[in-house]
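Enquirer: A predicted structure for the sequence below; I have some questions about it.
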Amino acid sequence: MAMVSSSIARRRALMSPSIWTSNSMLVIITTALVTWIIATLYHHHYLQHDQEAQELFKHPLKRQKQQKNAIVSHAKTTVKSRSSSVAPLFGAAMQGGKSFKKVARSYINMTGYDGPSTVWKKKKNPTWCVSLPKAKVPHLVTTPAHEGLLFQRPVKTGTTTLTAIILRMVERYAASPSERCQYRAMHETSRKLEFGKRDLANSFLWSVVRDPTNKAISRYFHFDVSIGQQEPTDLHFTKIMRRVYNRNDLAQQLILNDAQHGVADMPAAYAHQLVRPILDNYDFIAVMERIDESLVVFKYLLDLDLYDILYIKARSSGTFTNGPEAKGRACVYLTPSFLTPGMLDFFESEEWKSSNAVDIALYQATYQSLENTIATIPDFEETLEAFRELQKKANQFCQDKIRGFCTDGGDYVPKDERTCVVWGEGCDFDCLTEFRKKHNLHKHNL
């Protein structure tokens, strides 16, 4: 009887609230202590071994002066090494030390593609240059236009570089020095610019596409990371992709009719039905990942010379560009893009592919159309090689002669000291014009 009483007493003691409260508190305290020790060791390890890398990332955002070579070299090393030593740069994005992934040239597989495509063709007696007094052709406006060189300009597809080509063309091919060819080259939808109502005989409508994945990556790192100063964690990245960048943005820009409002949510099964009218209504669509080949085709379609399509690449990652001046950041460092495994998983998901089905189909159709057209151009490879050789010479000639918004070291350049045609556009105009004159580059010898 005494043994039973003793057992009951022990059970009652174990069930006592005071005992359980003590045990719970002990577990909580122990867990908190272990967590603090791990976090402290992790923090101390990375700050001690990579304090310099962390400061290099922070300094452009605080507008601290730094030598150009140190910044650019660090940025290149960051992406190239893809090692855990760069974790402090984007700590949360690393997710426990997982390595960065280099952004690929393209994520779209063209093998076996059998969807819509076209062959871009020369027009009979095209009159793309509608020459008017310069006062009637102001630069970079967004009013509707039905004649001239009409450029549909999607965001983050290399269009600043291509617009510089247009700015030279509209001056060179005008009827007189006091005139300029009518043109449009601003970020706006084709519907608002009324490109669908254009005069087919007196206009040339063109655009450029980019792999939707690369476009989204570039846009995120430019606007959200570099300018917006957001840390590129997987959580923030995915949130922005779902909210802003995954709704067939390319097709929404290029489409010419009122069906645009339904493009954002168009089911993948209907993607090709939307792509066909775009191909039929544009005179040419370039592919950013193959910009040199695209420009040689552009030259062929408009009977230009090699000088006309020369370019100096603008606003590249690893350099400085204009930022929010009102916030004291007139120049911002363009952080080189990268992918964490989590970001890559998102881009490989069915969610991303289905929500961008039209853009993917548009890219595939445009890529195949470029291939189709190249096959019809005599001596294409020889012309491409000649263009690239001339391009190298032009870039060497213009080195240190172009001044945009910011110097290579991140200092702001006043407007009257820039070499740009307007705002930050066409900054290579004078240099490439001088290059043409110095090398006597005219149609007869190109």
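Expert: Good, I have the coordinates.
Enquirer: so which helix or strand takes in Leu33?
Expert: Counting by DSSP states H and E, the element that carries Leu33 is helix 17-49.
Enquirer: wait, I meant Leu132
Expert: With elements taken from DSSP H and E, the one containing Leu132 is strand 131-133.
Enquirer: hmm, who's touching the next helix or strand after that strand?
Expert: For strand 131-133, the following helix or strand on the C-terminal side (DSSP H and E) is strand 148-152. Contacting residues not belonging to strand 148-152 are listed as 128-130, 159, 162-163, 166, 169-170, 181-185, 190, 193, 195, 198, 202-207, 253-254, 282 [CB atoms under 8 Å, 6 or more residues apart in numbering]. Every residue, glycine included, has its C-beta placed from N, CA and C.
Enquirer: elements contacting whichever strand in the chain runs longest?
Expert: When the chain is scanned for its longest strand (criterion: DSSP state E), the result is strand 203-209. Using 3 or more CB pairs under 8 Å, 6 or more residues apart in numbering; DSSP states H and E as the contact definition, the elements that strand 203-209 packs against are strand 148-152, helix 249-254, strand 284-287, helix 291-302, helix 357-374.
Enquirer: quick check: mean pLDDT across the helix or strand following that strand?
Expert: Towards the C-terminus, the helix or strand next in line after strand 203-209, according to DSSP H and E, is helix 212-219. For helix 212-219, the mean per-residue pLDDT is 93.
Enquirer: next: stretch 345-363.
Expert: The pLDDT scores in stretch 345-363 average 92.
Enquirer: before we move on, what about stretch 411-426?
Expert: Summarised as a single mean, pLDDT over stretch 411-426 is 93.
Enquirer: which other residues reach it?
Expert: Residues from elsewhere that reach stretch 411-426, judged by CB under 8 Å, 6+ apart: 65, 139-140, 160, 163-164, 167-168, 321-322, 325, 330-331, 401-407, 427-431.
Enquirer: end to end, how far does that stretch reach?
Expert: End-to-end distance for stretch 411-426: 20 Å, by CA to CA, to the nearest Å.
Enquirer: other SSEs contacting the strand holding Leu132?
Expert: strand 179-181.
Enquirer: tell me the strands beside the strand it packs on, with direction?
Expert: strand 131-133 (antiparallel) (DSSP bridges).
Enquirer: so what's the gap between the strand it pairs with and the chain middle?
Expert: Taking CA atoms, centre = their mean, to the nearest Å, the mean C-alpha location of strand 131-133 is offset from the chain mean by 33 Å.
Enquirer: spit out the contact partners of Asn248.
Expert: Applying CB under 8 Å, 6+ apart, we find Asn248 in contact with 263-264, 266, 355-359.
Enquirer: quick one: buried residues of the strand holding Leu132?
Expert: By 16 or more other CB atoms under 10 Å, the buried positions in strand 131-133 come out as 131-132.
Enquirer: so which residues of the stretch 251-400 of the chain form strands?
Expert: Along the stretch 251-400 of the chain, the segments classed as strands by DSSP state E, counting those that start in this stretch run 284-287, 320-322, 331-333.
Enquirer: turn those into CSV, columns for mean neighbour count.
Expert: Written out in CSV, the entries for those read as follows (neighbours: other CB atoms under 10 Å):
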stretch, mean neighbour count
strand 284-287, 23
strand 320-322, 21
strand 331-333, 23
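Enquirer: and Leu339, which of these is closest to it?
Expert: With respect to Leu339, and counting by CB to CB, the nearest of the strands of the stretch 251-400 of the chain is strand 331-333 at 19.4 Å.
Enquirer: is Val296 in contact with Thr383, as I believe?
Expert: Yes: under the criterion of CB atoms under 8 Å, Val296 is in contact with Thr383, at a separation of 5.5 Å.
Enquirer: tell me, what's touching the two both at once?
Expert: Here Val296 and Thr383 share the contacting residues Ile377, scored by CB under 8 Å, 6+ apart.
Enquirer: compare these two (neighbour count), which wins?
Expert: More neighbours sit around Val296 than around the other of Val296 and Thr383, counting by other CB atoms under 10 Å; the figures are 24 against 17.
Enquirer: out of the contacts of stretch 411-426, which sit inside helices?
Expert: The members of those that map onto helices under DSSP state H are 160, 163-164, 167-168, 429-431.
Enquirer: buried members of the residues you listed into ChimeraX, please.
Expert: Selecting in ChimeraX just the buried members of those, where the criterion is 16+ other CB under 10 Å, is done with this command:
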select :160,163,164,167,168,429,431
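Enquirer: now the ones in helices among the contacts of stretch 411-426 in JSON lines, with distance to Asn395?
Expert: Putting those into JSON lines (distance: CB to CB, whole Å) gives the following:
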{"residue": "Thr160", "distance to Asn395": "16"}
{"residue": "Thr163", "distance to Asn395": "18"}
{"residue": "Ala164", "distance to Asn395": "13"}
{"residue": "Leu167", "distance to Asn395": "18"}
{"residue": "Arg168", "distance to Asn395": "16"}
{"residue": "Phe429", "distance to Asn395": "15"}
{"residue": "Asp430", "distance to Asn395": "15"}
{"residue": "Cys431", "distance to Asn395": "10"}
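Enquirer: quick check: the farthest pair among the ones in helices among the contacts of stretch 411-426?
Expert: Taking CB to CB as the measure, the ones in helices among the contacts of stretch 411-426 have their most distant pair in Thr160 and Asp430, spaced 16.7 Å apart.
Enquirer: so where is this protein shaky, pLDDT-wise?
Expert: Scanning the chain with the threshold set as pLDDT under 70 gives 1-32, 34-102, 104, 125-126, 259-262, 264-265, 441-446.
Enquirer: switch to 50 and redo it
Expert: Confidence mapping of the chain against pLDDT under 50 gives the ranges 1, 3-4, 8, 11, 13-15, 17, 19-20, 42-98, 444-445.
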